[in-house]
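*Asks:* Give me a model of this one.
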Amino acid sequence: MEDMPKKDAKKIYRRNGLIGVILGVFILTFWFFTRGSVVYSLAWALPVLGIVSICFGLYDISRMNKTDGKCEGFSCTIKRFWNFLWNEDSMLSYVVFILLAFVILRFIAFPGFLFVTGYSDVASVVSNSMKHDESIQYTFDNWLDFHGYTVEEVSVWPYLDGLNVGDVIAVRPVPPEEIQVGDVILFYSPKGQIIHRVVKVWEDSDGYHYMTKGDANGEVGDLEKDIPYNLVKGKLVARVPYLGYPKVLVSLIIPF
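*Replies:* Below you'll find the predicted structure:
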């Protein structure tokens, strides 16, 4: 194969790199503003495609001033990318490594963990709506008493000590009839995921519905007065304190 002139190779790397970065940013932007409406498979695949496109775009840009104009095809590109990722000491290689690590953890390791454990999701507690502190008597004990809940039935509810910011919780999918008053569930809302306690369950022609309330909230929120079963991700079955603080810090910087 005839060697490509170095000047032409630089132009190709620059062009491919810019295309990769621009395409990746466009895909991520599209996913961010439509993630609540796109089908699940696309919602899962779009951020992966966007990040991978940006990674390869940054890699091509980093090659502009280091190419010798020689390459033996796809295998050569893969070898150079591997060397760039693991051996090159540059800011771009660090950025690409972090992005790829995120893709592997979020879209390969995490789904694999859920599949093995049988959990439907693992989430971090990022608000104080389930925290039990000195005001819990008014927002939890007195509220339940006012609405007719007896001490005996409340005493067997799970997680009566509440949830704290930084806790990591795991939820498991259960049939709709197995979600009872007092259970803590994770469900979807227009404002994102919510982890609250079920205070009412009813069934109609459309199936099961639930009302929830945060233990530390004074009243039931508008978004949780009628939650259909299809929006419920699962029932809380495990909790690990403090493990979710990295997510809490990220949510303060980039709210989702």
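*Asks:* Heading C-terminal from the single longest strand found in the chain, find the next helix or strand.
*Replies:* Longest strand in the chain by number of residues, with DSSP state E as the criterion: strand 192-204. Where DSSP states H and E defines the elements, the next helix or strand beyond strand 192-204 is strand 207-213.
*Asks:* mind listing what's buried in that following strand?
*Replies:* 208-213 (16 or more other Cβ atoms under 10 Å). In short, each C-beta sits where N, CA and C put it, glycine included.
*Asks:* do stretch 85-101 as well
*Replies:* Applying 16+ other Cβ under 10 Å to stretch 85-101 flags 88, 93, 96, 99 as buried.
*Asks:* From residue 99, how far off is the residue lying closest to residue 26 once chain neighbours are set aside?
*Replies:* Closest residue in space to residue 26, ignoring its immediate chain neighbours: residue 50 at 7.8 Å, by Cβ to Cβ, 6 or more residues apart in numbering. From residue 50 across to residue 99, the span is 10 Å (Cβ to Cβ, to the nearest Å).
*Asks:* before we move on, what about residue 208?
*Replies:* According to Cβ to Cβ, residue 208 and residue 99 sit 41 Å apart.
*Asks:* same check, this time on residue 136
*Replies:* Counting by Cβ to Cβ, the separation of residue 136 from residue 99 is 42 Å.
*Asks:* and the two most separated of the buried residues of stretch 85-101?
*Replies:* 88 and 99 (15.0 Å; Cβ to Cβ).
*Asks:* Where does the closest residue in space to residue 163 that isn't next to it in sequence sit: helix, strand or coil?
*Replies:* Computed as Cβ to Cβ, 6+ apart, the closest residue to residue 163 that is not its neighbour in sequence is residue 130, at 3.9 Å. Classification of residue 130 by DSSP: H, G, I helix; E, B strand; the rest coil places it in coil.
*Asks:* so what's residue 130 up against?
*Replies:* 162-164, 184, 195-197, 214-216 (Cβ atoms under 8 Å, 6 or more residues apart in numbering).
*Asks:* Phi, psi for residue 110 please.
*Replies:* Backbone geometry at residue 110, expressed as degrees, to the nearest 10, gives phi -60, psi -50.
*Asks:* who's in contact with it?
*Replies:* residue 122.
*Asks:* Same check on residue 126?
*Replies:* Here residue 126 is in contact with 165, 244, 247-248, 251 (criterion: Cβ under 8 Å, 6+ apart).
*Asks:* Most neighbours among these, please name it.
*Replies:* residue 244 (22 neighbours; other Cβ atoms under 10 Å).
*Asks:* Return the distance of it relative to residue 230.
*Replies:* Taking Cβ to Cβ, one finds residue 244 at 26 Å from residue 230.
*Asks:* Residue 123 too?
*Replies:* In terms of Cβ to Cβ, residue 123 sits 18 Å off from residue 230.
*Asks:* Comparing those two, which residue is more hemmed in?
*Replies:* The neighbour count for residue 123 versus residue 230, taken as other Cβ under 10 Å, is higher for residue 123 (20 against 11).
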